[in-house]
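1. Turn this into a structure:
(2 chains)
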Number of protein chains: 2
Amino acid sequence: MLRLYDYLPSGNGYKVRLLLCQLGLAFELVEVDILKGETRTPEFLAINPNGKIPVLEFEDGRRLVESNAILFHLAEGTRFLADDRWGRAETLQWLFFEQYSHEPYIAVARFWIHSLNKRREWQERLKEKWERGHQALAVMERHLDGRKFLVADRYGIADIALYAYTHVAEEGDFDLSAYRNLRAWLDRVADQPDHVPITQGVFD
Amino acid sequence: MLRLYDYLPSGNGYKVRLLLCQLGLAFELVEVDILKGETRTPEFLAINPNGKIPVLEFEDGRRLVESNAILFHLAEGTRFLADDRWGRAETLQWLFFEQYSHEPYIAVARFWIHSLNKRREWQERLKEKWERGHQALAVMERHLDGRKFLVADRYGIADIALYAYTHVAEEGDFDLSAYRNLRAWLDRVADQPDHVPITQGVFD
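-> Residues are numbered from 1 along each chain as shown, chains lettered A, B, ... in the order given. Predicted coordinates:
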């Protein structure tokens, strides 16, 4: 069986859990608590030298890291990834946008506020997170004008990757009320068959 | 002809220029000066709403952004990208590692010091860049032990993506002398046929 090293509140881990569920692939969940430093132990660094979850382990022992690389790998040949070259390119555009221009602001603000309770203490540093995070949300809002999903108007891994932290952005004090297209898209993603919520820990 | 919107000192732009040259694809270079705010004008935001170079424009007007998505797209079906599913997954692992765990520290330290001349002024903020940057270099050093290239022991876009900012890391005050495997790999990458240096502005 597939084994997923993961931390349930993590949006990066959630991307993989959501796709695995929607693909109907069973997996064993191994919880690793980031807040307790469990991604920094010698045992975990032997699994991923970069000290991050999620890690997907295959039955033959091979391992894959980087949430969006895992998404792409699992989705190849399925309905969750375009089977034409341009569709794959557009999908990868959004996956890199997510890791560079979205996650470092939206996920980090959420982590600082919601997990570490540093809203007041890190107020100054949070300002940059909010500003850049809203820039990313504005790019999505504009792109989603007249579109149902991010790529080729079909639900796929670009939507999964961007949904993961966008749908909990309010836990990082991002007000989404002005993003009309974005909120409609969040609803469409949540309405997909076999959708699971972010902290669901039991998969069957 | 292909058109590349780019800023010559940028490692992200350089990745694309290097691959285009090694693929033997001619392109027109449109220089956009980041330091003069030229990626933030209404004209440029109409080209890339996320306000970043590189942007690759095809003859039919379609555009692709995100350096590593451009690399993957151009490399599909060529010797620069593995033609098996696992090789593509390993390649994408390194491309996402580069954008999340490497570039934000190594490229940004170089930009602050080399382009903005803020070494003394931003000393405190640079400490985090150096610490995290060295973590990324250590991950590469360890992986390159006994390997010639990052994926499947064959030169490809993972090497191009990681070479771009690693080979100029010293401009961000990263001392590479202790990274023996990494330095040998840098030499191997620079020795590839049709290699071009980072600020070469004329391509023929």
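
2. same for the helix ranked longest in chain A, what does it pack against?
-> The longest helix of chain A (DSSP state H) is helix A:123-143. Helices and strands touching helix A:123-143, by 3 or more CB pairs under 8 Å, 6 or more residues apart in numbering or on different chains; DSSP states H and E, are helix A:103-110, helix A:157-166, helix A:180-190. Just so you know, the C-beta spots here come from the backbone N, C-alpha and C atoms, and that holds for glycine as well.

3. Pipe those into JSON lines and attach mean neighbour count and distance to B:K15 per row.
-> Shown next, in JSON lines, are the helices and strands packed on helix A:123-143 (neighbours: other CB atoms under 10 Å in any protein chain shown; distance: least, CB to CB, whole Å):
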{"stretch": "helix A:103-110", "mean neighbour count": "23", "distance to B:K15": "20"}
{"stretch": "helix A:157-166", "mean neighbour count": "27", "distance to B:K15": "21"}
{"stretch": "helix A:180-190", "mean neighbour count": "16", "distance to B:K15": "30"}
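
4. Out of those helices, which gets nearest to chain B?
-> helix A:103-110 (6.9 Å; CB to the nearest CB).

5. could you give the angle of that closest one to helix A:157-166?
-> 30 degrees (axes from the mean of the first three to the mean of the last three CA atoms, to 10 degrees).

6. Just the C-alphas of helix A:103-110, formatted as CSV.
-> Output in CSV follows, covering the C-alpha atoms of helix A:103-110 (Å, rounded to 0.1, in the frame of the first residue of the first chain):
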residue,chain,number,x,y,z
GLU,A,103,2.0,29.5,-0.6
PRO,A,104,4.9,31.6,0.9
TYR,A,105,2.5,34.3,1.7
ILE,A,106,-0.9,32.7,2.3
ALA,A,107,0.2,29.5,3.9
VAL,A,108,2.8,31.2,6.0
ALA,A,109,0.4,33.9,7.3
ARG,A,110,-2.0,31.1,8.2
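
7. Against chain B, how distant is A:D60?
-> 11 Å (CB to the nearest CB, to the nearest Å).

8. re earlier: take the helices and strands packed on helix A:123-143 and write them to JSON lines, including mean pLDDT and distance to chain B.
-> Putting the helices and strands packed on helix A:123-143 into JSON lines (pLDDT from 0 to 100; distance: least, CB to the nearest CB, whole Å) gives the following:
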{"stretch": "helix A:103-110", "mean pLDDT": "98", "distance to chain B": "7"}
{"stretch": "helix A:157-166", "mean pLDDT": "98", "distance to chain B": "11"}
{"stretch": "helix A:180-190", "mean pLDDT": "98", "distance to chain B": "14"}
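
9. Now distance to A:R88 too, for the ones you listed, in JSON lines please.
-> Compiled in JSON lines, those are given as follows (distance: least, CB to CB, whole Å):
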{"stretch": "helix A:103-110", "distance to A:R88": "21"}
{"stretch": "helix A:157-166", "distance to A:R88": "10"}
{"stretch": "helix A:180-190", "distance to A:R88": "20"}
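
10. The longest helix of chain A: how far from the chain's middle?
-> From the chain centre to the centre of helix A:123-143 is a distance of 17 Å (CA atoms, centre = their mean, to the nearest Å).

11. what is the orientation angle of it with helix A:180-190?
-> Using the same axes, to 10 degrees, helix A:123-143 lies at 80 degrees relative to helix A:180-190.

12. related to what we said a few turns ago, identify whichever of the helices and strands packed on helix A:123-143 lies nearest to A:K52.
-> Closest approach to A:K52 among the helices and strands packed on helix A:123-143 is made by helix A:103-110 (11.9 Å; CB to CB).

13. tell me what that closest one is packed against?
-> Using 3+ CB pairs under 8 Å, 6+ apart: helix A:103-110 touches helix A:11-23, helix A:123-143, helix A:157-166.

14. Most tightly packed of those helices?
-> Across those, averaging neighbours per residue (mean count of other CB atoms under 10 Å in any protein chain shown) puts helix A:157-166 on top, at a mean of 27.

15. Go through the helices and strands packed on helix A:123-143 and name the closest to B:P104.
-> It's helix A:103-110; of these, that one is closest to B:P104 (CB to CB) at 6.9 Å.
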